[in-house]
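S.K.: my questions are about this predicted structure, shown below with the sequence.
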Amino acid sequence: MSEDTRPIVVKRIKKVAGGHHGGAWKLAYADFVTAMMAFFLLMWLLGSVSNGDLKGLSEFFQNPLRVSFAGGSGSGDAMSILKGGGKDISSSSGYTREGELKRSGAANLRGARTAELRKEFEDRERRSLGNLKSNIEGMISGNLVFQQFKSQFAVDVIPEGLRIQIVDEQNRPMFDTSSAEPTPYFRAILREIGQSLNSVPNKISISGHTDAAQYSSGVRGFSNWELSVNRANAARREMIAGGMDENKVFRVVGFSSIMLFDRNDPLSPSNRRINITVLNQRTEEAMLQEDADVATDPENAPSPDSGAS
């Protein structure tokens, strides 16, 4: 082929004018805006969250497995309880030293206030029992019939409350020998005393006592235990008959001759007596607690031969 007949090839180069560089910058800008929004949102949250929650967040990042071990919705959750922590591990109030100090302070204030109110009540109760003592002594000395029995009365304030003791005399017994039937004069005294006790709201305890003279029937038969209980219960009946509220009776007991009035002479008539104790609230609460303890622990219950009734 001749040189004149070869095809002519024309190469054209397409040039593109410089334009924009695509949308990559938009993605970078969006990431930046998102990061800034997250930053400002974090700052807002940190400024509005309580110190306790912040501490919980901090502890979460330091020990993220705590929730798995202890439970709860978060590390700072009050329900997240470390076993063995605090006085009550079932408490949902959480435990902090500051909170414990606050609770302790509040408890001390309540305890001090309770003790103050208790003391005020006991002072009023003591004055009330003192007035009752004066009334009973005035009733005895002001009644011509009762004056002849004045030596058989003993009214005194004891730690348990106000005690009224009525003792036998050889020529003026409260009961016939070996009997639980009150004599007419003793019946009148008991009814007057019972009516006067309605002036105070306190409960009463009635106890019967005998001298050391024993029954010939022996331990298995009727003895001073039964007699002392029967006499105390007879006193209760007469006081109620005189107008005393029957709900005031808290306890009726018989002590036989184990608590002698005259220890030097176990056979002395003064050992045969009836004690009526107007109980203060502290003693009544102690007796109730004693009964509750026996109810929950039968091993501490008194034996059948203790004489209590």
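M.R.: Everything's here; your move.
S.K.: against residue 38, how distant is residue 186?
M.R.: Note on residue 186: its distance to residue 38, by CB to CB, to the nearest Å, is 96 Å. The C-beta positions use only the backbone N, C-alpha and C, and glycine is treated the same way.
S.K.: also residue 162?
M.R.: For residue 162 relative to residue 38 (CB to CB), the value is 79 Å.
S.K.: and those two? Which one has more around it.
M.R.: Neighbour totals were compared for residue 162 and residue 38, and residue 162 leads with 24 against 10 (other CB atoms under 10 Å).
S.K.: please export the C-alpha coordinates of the host helix or strand of the more buried one as PDB.
M.R.: Per DSSP states H and E: residue 162 is located in strand 161-167. The C-alpha trace of strand 161-167 is given here as PDB (Å, rounded to 0.1, in the frame of the first residue of the first chain):
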ATOM      1  CA  GLY A 161     -47.600   2.100 141.300                       C
ATOM      2  CA  LEU A 162     -49.800   2.600 144.300                       C
ATOM      3  CA  ARG A 163     -50.100  -0.300 146.800                       C
ATOM      4  CA  ILE A 164     -53.100  -0.700 149.200                       C
ATOM      5  CA  GLN A 165     -52.500  -3.400 151.800                       C
ATOM      6  CA  ILE A 166     -55.300  -4.700 154.100                       C
ATOM      7  CA  VAL A 167     -54.000  -7.000 156.800                       C
END
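S.K.: any idea of the mean pLDDT in it?
M.R.: The average pLDDT within strand 161-167 is 94.
S.K.: what about the stretch 101-250 of the chain, any weak spots by pLDDT?
M.R.: 101-107, 109, 216-220 (pLDDT under 70).
S.K.: that one: strands as residue ranges?
M.R.: Along the stretch 101-250 of the chain, counting by DSSP state E, counting those that start in this stretch, strands occupy 153-158, 161-167, 204-209, 249-254.
S.K.: other SSEs contacting the last one?
M.R.: Which is strand 249-254. In terms of contacts (3 or more CB pairs under 8 Å, 6 or more residues apart in numbering; DSSP states H and E), strand 249-254 is packed against strand 204-209, helix 224-241, helix 281-296.
S.K.: closest to residue 56 out of these?
M.R.: Closest approach to residue 56 among those (CB to CB): helix 281-296, 42.5 Å.
S.K.: burial count for the residue nearest to residue 255 when sequence neighbours are not counted?
M.R.: Closest residue to residue 255 apart from its sequence neighbours, by CB to CB, 6 or more residues apart in numbering: residue 209 at 5.4 Å. Neighbours of residue 209 under the rule other CB under 10 Å: 27.
S.K.: now swap in the one 5 residues further on and tell me
M.R.: Using other CB under 10 Å, residue 214 is surrounded by 13 other residues.
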